[in-house]
Structure formats: structure tokens, C-alpha cells
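J.: I would like to see how this sequence folds:
(2 chains)
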Amino acid sequence: MGTLWQSLDLLPLEEPSGDVRERFYEMLNAYRQGLASAEPRKTFHRWQIAAAAALVAVGIGLGYGVRGYGHPPVEVSQLREEVASMRQLVALSLMQQQSASERLRGVSWAYRAEPSDREVLEALVTAVNHDANVNVRLAAVDALRRFAASPETRRAVIDALPSQTAPLVQVALIDLLVDFKERSAAGVLKTLAANREVNDGVRQQAQWALERLQ
Amino acid sequence: MKKLLILSFTAALMAPAVLPQDAQKATVAFSDPSRSRKLVVEATFGSITVRGYSGQEVIVEATGRTGFRRKGKEAEPPPGMHRIGGNSPGVEISEENNTVRISSGPSPFAQADVVIQVPTQTSVSVTARLGNAITIENITGEIETNNMNGQVTLTNVSGSVMAHSMNGKIVASLNSVTPDKAMSFSNMNGKIDVTLPAGIKANVKLKTNHGDIFTDFDIKLDSTAQAPQVEDNRKKDGRYRVQFDRGTTGTINGGGPELQFTTFNGDILIHKK
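T.: Predicted coordinates:
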């Protein structure tokens, strides 16, 4: 290696030959000339401006043509629908997971669904009635608030009450009926309050709810 | 691969001379130690303790509490007869698809206190029906508990927790939490006392029908929630107390996954670690 560097050192230094300088100035000159001839182009001719404007107009026209004439809300609502269905998909698929923590996340996604989304509503009702984890059921009861406007929701809450096995979930369902001011629940609440096999706390809460709903 | 073994207490029951604390021990390996592990425990009677340790296998130790069987003469076969079966479902252990399942049968004769040691990084799910306490220590993973009667204690755990007890208090202390995992703590009767890492990001949901909610976290409450009473004594004795009417929502450290606390009869305490 050392000998290689030594022999490289012995090579003579390359000196620039005389015509390098000449060629450089030739190039510089040519560049200046080119620049000078290009300068006038900076100003646009009228016809160029007109052509550009025409092209823009054609573009806008084509745009409208492709999308359907003059209905911008269609696109916006389509986008909204897509977002809603994406949220529905996330909520529904998470609620199917094996991990209880993931299902709880799915339930919290349900808050972002459209209040008219029947599939998410059904999934929540299924979770309230059948999810193996009490905490997921509790969260699902709470998420039903988003669907309060639908009579189906109220019906589902009333139906879920007697068959629910976890007292804490029963309490949550009772509280929800009170918040809904659902007077048609009185019958179910009376039965629950009178049933000695039902958890004491649940019976107390049912009694309290009956008084509140009167 | 499926392994099945049964720890039978019958032998102990048939020999009244052998008295309590005759622990039964069994060891089960996960079929693939490199993949994520899960332990599922379903107990009818007795207490359950799950403890993380540095080993790779599941070590199960069951101490039989025999109830009336051992005291009475029923354990003795009638004259001229011998036992051929019955009473056997003690603790059943099986392994399939990297999940170890341990269950104690519905027979009160199988009443047992079970201590299970698992590798620290294991997801754990424990359900106890008529038993006592569920205790989980030194575990990192997804932790799920469902207890009917006893208390739930989680010490030195990390990951995510879904804890429910019907009639027992819940005391949990988490060293760190998995980001993006939802968590929930609930019971019907008894306090919920949870210690969380100071930096936790969460959307909190709190509900108690008959109790107070206390925290030293700075929980930013949603404006739509009913206005709670706030006692700020952080300058005096460092105690920050928030009292809510029934339920409310808010965020910790800017918000994050769902963090839910629900109780009917009891206080909720959320401590900052």
C-alpha cells in the first residue's frame, strides 16, 4: 500500500493547458448571449394569457362534467357517508375481538357512529345482553345514550333489564331509563323491585327509578 | 398439542390421617414459549393467586380445603365397599394453542386455594364464582378479572386491566400501561382504589351511585358534564378532591383510550404513581 502512494506521488502534476482559459470565456460568452435572447420571454403575450384562462375554464367545466353538474353537496355527503361507514366498520370489528380491552375500545368507537346507524345499535344491544365481560357490557349500556332518539333503543333497554345477570349492569340500565324519562319501563321496574331474588341494590335502584319516573 | 391433567383430591379425602395443607403441585409448559402466552383460570371455590416469575412454565399449587367431607365419616366407604369414582373433579389443567386453562370443578369437595406461577409476560384472565380473593402480582399483559364475592388485588402489574368484582373491593397498582388499550374497573359494593402512572393518557369515565370520587390527577372535566365540587388543597396539604354528582367524563394528559370506573356502593380513588 505504502509503495503505491509513493509511486502516485512521483506522477507529475497535471498543469492546465493554455486553451482552457480560452474555452472558458467562450462558454461564458455563449451563456450571456443565450440569456439575452431569452429575456424578452418574461413578458407574456395577450394570446398566451387568454389561452391559459380558456384552459382553466375548460378544466373547471370538465370537472363539473365528470362529477355531475353543480351539486357539490353530493360529494360532501358521499365523503361523510364513507367516514361513517369506516367508523361503523372499526366499531363493529373491534366489538368482535377476543380481547375484552379491544371490545371496550370498539364500544367507545360507537360514540362516533351516526345516531341512525342500526348496525352499530344492534351490536351494542348484543354486547349489553351477551358480552362475557361485565365492563364491556357497562360501557355498551352507556354508549346506547347516543341512540336515545330511537324507540328501538328504549325497547332494547327495557327488554335487557330482567335478563341481565350482572347487578351493576342492571343498575346502569335503570339509570339509563331514568335519564331517558322512559315511563313505559314502570312495569318492568315494579317487577324487579318486588323480586326477592334480585340483588338488593338493584331493587333499591328500581324503586328509586319508579319514584323518579312518576 | 393438548395436555390434560387432573389434580385429584380424592386420595387425600379418603385418608383422614393426612390432614390439611397437603399441597398438590403440577407444572405445565406453554407449547410455544416464543409466542404470546395466556392463562385462563375459572374457579368455583377458593382463592386464586397468580404470580409472575422468571421461569417459562406454569407452576400450579393447590391447597385443598375439604369442607365437611374431611370432618365427617362420609369419606369412609361403607363396610365391604370401596370407592371407584366421584368427588374427583379437583383442579383441571389443560394447554392448547399457548393458552393454559385451569379450572376447579363445581363440587364443594374441590374447594381449593390455588397459587399459580407464570412467566411475567403473560396475559391473565381469572373468574371466580363463589370463591374468595383474586390476587395478581408481577404480571405484564392483558389482565382480566371477574370475582363474585371476594376482593381483587393487582400489585406490580403492567399492560391493561379489565377488573370487575361483584361484592369485593378492587385495589390495583399499575407500573405502566399499554398505550391505546382501554381499561375498566368496576364493582357493585366496595371501594375501587387504583394507582396509575403519572403520564397516563386517557379519556376517563367515572360513575358512582353512592360514594365519592377522589383523585390527585389533574382530570380535565368535560364541560357538558354536571359541575362537580372541587376542593383544591394542593397548596395546603397536597390533596385535590373532586366530588361528582353521579357520573362524569374527562381527560387526563390530553386524552387517550377509554378509562372507565364504575361502582354502585363505594368510593373511587385514583392515585397518581
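
J.: Export whichever strand or helix holds A:A52 to CSV, keeping only CA atoms.
T.: Taking DSSP states H and E as the criterion, A:A52 maps to helix A:46-67. Provided in CSV are the C-alpha atoms of helix A:46-67 (Å, rounded to 0.1, in the frame of the first residue of the first chain):
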residue,chain,number,x,y,z
ARG,A,46,-52.0,38.6,-24.6
TRP,A,47,-52.9,35.5,-26.5
GLN,A,48,-50.9,33.4,-24.0
ILE,A,49,-52.9,34.8,-21.1
ALA,A,50,-56.1,34.3,-23.0
ALA,A,51,-55.2,30.7,-23.8
ALA,A,52,-54.4,30.0,-20.1
ALA,A,53,-57.7,31.4,-19.0
ALA,A,54,-59.5,29.4,-21.6
LEU,A,55,-57.8,26.2,-20.4
VAL,A,56,-58.7,26.9,-16.8
ALA,A,57,-62.3,27.5,-17.8
VAL,A,58,-62.3,24.2,-19.8
GLY,A,59,-60.8,22.4,-16.8
ILE,A,60,-63.5,23.7,-14.4
GLY,A,61,-66.1,22.8,-16.9
LEU,A,62,-64.7,19.3,-17.4
GLY,A,63,-64.5,18.9,-13.6
TYR,A,64,-68.2,19.7,-13.2
GLY,A,65,-69.0,17.4,-16.1
VAL,A,66,-67.2,14.5,-14.6
ARG,A,67,-68.8,15.0,-11.2
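
J.: buried residues in that helix?
T.: By 16 or more other Cβ atoms under 10 Å in any protein chain shown, helix A:46-67 has no buried positions at all. The C-beta positions use only the backbone N, C-alpha and C, and glycine is treated the same way.

J.: The following helix or strand past that helix relative to helix A:46-67, how many degrees between them?
T.: Going down the chain from helix A:46-67, the next helix or strand is helix A:72-95, by DSSP H and E. Here helix A:72-95 runs at an angle of 50 degrees relative to helix A:46-67 (axes from the mean of the first three to the mean of the last three Cα atoms, to 10 degrees).

J.: and helix A:72-95 with chain B, contact?
T.: No. Helix A:72-95 does not reach chain B (Cβ under 8 Å from any Cβ of the partner chain); its nearest approach is 9.4 Å.

J.: other SSEs contacting that helix?
T.: helix A:100-109, helix A:118-130 (3 or more Cβ pairs under 8 Å, 6 or more residues apart in numbering or on different chains; DSSP states H and E).

J.: Out of those helices, which one sits most buried?
T.: Counting by mean count of other Cβ atoms under 10 Å in any protein chain shown, helix A:100-109 has the highest mean neighbour count of the helices and strands packed on helix A:72-95, with a mean of 24.

J.: interface residues of the stretch 151-273 of chain B facing chain A?
T.: B:160, B:162-164, B:166, B:180-189, B:203, B:205, B:207, B:209, B:246, B:257-258, B:260, B:262-265.

J.: Filter the residues you listed down to the buried ones, ChimeraX style.
T.: Selection command for ChimeraX covering only the buried members of those, criterion 16+ other Cβ under 10 Å:
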select /B:160,162,163,164,166,181,182,183,184,185,186,187,188,189,203,205,207,209,257,258,260,262,263,264,265
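
J.: Among the residues of the stretch 151-273 of chain B next to chain A, name the ones in strands.
T.: Under the assignment DSSP state E, these contribute B:160, B:162-164, B:183-189, B:203, B:205, B:207, B:209, B:258, B:260, B:262-265 to strands.

J.: Any regions of the chain where pLDDT drops low?
T.: Defaulting to chain A. Within chain A, the stretches with pLDDT under 70 are A:1-18, A:35-45, A:63-72.

J.: not quite, I wanted chain B
T.: B:1-23, B:64-76, B:82-90, B:105-111, B:223-247.

J.: quick one, what contacts A:L161?
T.: With contacts defined as Cβ atoms under 8 Å, 6 or more residues apart in numbering or on different chains, A:L161 is in contact with A:Q170, A:L173, A:I174, A:L177, A:A185, A:V188, A:L189, A:L192.

J.: just B:N149 next, same as before
T.: Contacts for B:N149 (Cβ under 8 Å, 6+ apart) come out as B:A128, B:L130, B:G131, B:N132, B:M166, B:N167, B:G168.

J.: Am I right that the fifth one is in contact with B:M188?
T.: Yes. Contact between B:M166 and B:M188 holds when scored by Cβ atoms under 8 Å: they sit 5.3 Å apart.

J.: any common contacting residues for the two?
T.: A:P167, A:L168.

J.: all helices of chain B, in order?
T.: Ranges of helices within chain B are B:10-14, B:68-71, based on DSSP state H.

J.: isn't B:F214 right up against B:L269?
T.: Yes. The pair B:F214 / B:L269 is scored as a contact, 5.0 Å apart, by Cβ under 8 Å.

J.: can you list the residues of chain A near chain B?
T.: A:99-102, A:104-105, A:107-108, A:133-136, A:138-139, A:142, A:166-168, A:171-172, A:175, A:199, A:201, A:205.

J.: follow-up on the earlier one: most neighbours, which of the contacts of A:L161?
T.: Of all the contacts of A:L161, the highest neighbour tally under other Cβ atoms under 10 Å in any protein chain shown goes to A:L173, namely 30 neighbours.

J.: What helix or strand is that residue located in?
T.: Using DSSP H and E, A:L173 falls within helix A:167-180.

J.: next helix or strand past that helix?
T.: Counting by DSSP H and E, what follows helix A:167-180 is helix A:186-194.

J.: now the angle from that next one to helix A:167-180?
T.: 140 degrees.

J.: which secondary structure elements does helix A:186-194 contact?
T.: So helix A:186-194, by 3+ Cβ pairs under 8 Å, 6+ apart, packs with helix A:151-163, helix A:167-180, helix A:200-213.

J.: If we use 6 Å, what do you get?
T.: Here helix A:186-194 touches helix A:200-213, going by 3 or more Cβ pairs under 6 Å, 6 or more residues apart in numbering or on different chains; DSSP states H and E.

J.: Show me what the helix it packs on is in contact with.
T.: Applying Cβ atoms under 6 Å, 6 or more residues apart in numbering or on different chains, the external contacts of helix A:200-213 come out as A:P167, A:Q170, A:V171, A:I174, A:V178, A:R183, A:L189, A:L192, A:A193, B:F264.

J.: Now do the contacts for A:L189.
T.: Counting by Cβ under 6 Å, 6+ apart, A:L189 has contacts A:A206, A:A209, A:L210.

J.: whoops, B:V161 was the one
T.: B:V161 touches B:I143, B:M183, counting by Cβ under 6 Å, 6+ apart.

J.: one more time with 10 Å, if that's ok
T.: Applying Cβ atoms under 10 Å, 6 or more residues apart in numbering or on different chains to B:V161 gives the contacts A:101, A:135, B:136, B:139, B:142-145, B:152, B:154, B:170, B:172, B:174, B:177, B:181, B:183-185, B:194, B:196, B:259.
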